[in-house]
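# got a predicted model here, sequence first, then my questions.
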Amino acid sequence: DQQVKQNSPSLSVQEGRISILNCDYTNSMFDYFLWYKKYPAEGPTFLISISSIKDKNEDGRFTVFLNKSAKHLSLHIVPSQPGDSAVYFCAATFRGRDDKIIFGKGTRLHILP
Amino acid sequence: NAGVTQTPKFQVLKTGQSMTLQCAQDMNHNSMYWYRQDPGMGLRLIYYSASEGTTDKGEVPNGYNVSRLNKREFSLRLESAAPSQTSVYFCAIPTGPSRETQYFGPGTRLLVL
């Protein structure tokens, strides 16, 4: 049973526009949510996170929104830039339990010129 | 990806051959993780180690063994490689103020023919 779901395998967005990546989860016990970015031939890198007690976290062009009642989070990138083209993984964790993280399957974002 | 190193970067095996993927960290963390990444499947945890001398199965442990002989190194062994084990393998360590995120190595790309 997939606990973290990214239902869009890919997304194409015009440069300068807003990119919105979505993620759903099933386990209400998750207490921390994360987004990772991955370029080809590199390891995933941490991008932004949000605690379950918050509904928004912003870091520069990146904002993550959490809707606990809907078990949904989204990553907004504004404005989108060519370097944002990558695979984005949504993830969730139960802090303190072996520090394990559960990842979604990823969404490939293409920024179009 | 300073702090977590993986060797080799790339390997080709024939079905039935064995090999060991090496991971080393210089960040003095207790926990270490092995993931595999396959297209459309996200990052799946193979094994993890909460401390030196201890290991536990993750989501997809079949066909793999691990060894954590010291705090610095965590190795992943394929005793009899199968084509289904063709993948990119990542080692990771926890990071962040409360170990809520993970820091990934650069990966080992494995092709099993």
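Perfect, thanks for sending it. Since the model is a prediction, treat every value here as computed from it, not as a measurement. Residues are numbered from 1 along each chain as shown, chains lettered A, B, ... in the order given.
# quick one: contacts for residue 43?
Since no chain was named, I'll use chain A. Counting by C-beta atoms under 8 Å, 6 or more residues apart in numbering or on different chains, residue A:43 touches B:1, B:4, B:90, B:92, B:104, B:105, B:106, B:107. Backbone N, C-alpha and C define where each C-beta goes, glycine included.
# ah, I was thinking of chain B
Shown in contact with residue B:43 (C-beta under 8 Å, 6+ apart): A:44, A:89, A:91, A:103, B:35, B:36, B:37, B:90.
# my guess is the first one meets residue B:101, correct?
Right, the one you point to is residue A:44. No - using C-beta atoms under 8 Å, residue A:44 is not in contact with residue B:101, being 10.3 Å away.
# coming back round to it: how about the contacts of residue B:43, which pair is most distant?
Greatest spatial distance in those: A:91 and B:36, 15.3 Å, computed using C-beta to C-beta.
# now residue B:22: how far from chain A?
Distance, residue B:22 to chain A, using C-beta to the nearest C-beta, to the nearest Å: 15 Å.
# got a pLDDT number for that residue?
Looking at residue B:22, its pLDDT reads 97.
# low-confidence regions, chain A specifically.
A:95-99 (pLDDT under 70).
# which outside residues touch the helix or strand bottoming out on mean pLDDT in chain B?
Lowest by mean pLDDT, DSSP states H and E among the helices and strands of chain B is strand B:101-104, with a mean of 89. With contact meaning C-beta under 8 Å, 6+ apart, strand B:101-104 is reached by A:34, A:43-46, A:49, A:99, A:101, B:1, B:3-4, B:27, B:33, B:35, B:90-95.
# buried subset of these as a PyMOL selection?
Filtering those down to the buried ones (16 or more other C-beta atoms under 10 Å in any protein chain shown) takes a single PyMOL command:
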select buried, (chain A and resi 34+43+44+46+49+99+101) or (chain B and resi 4+33+35+90+91+92+93+94+95)
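# thank you kindly, that will do.
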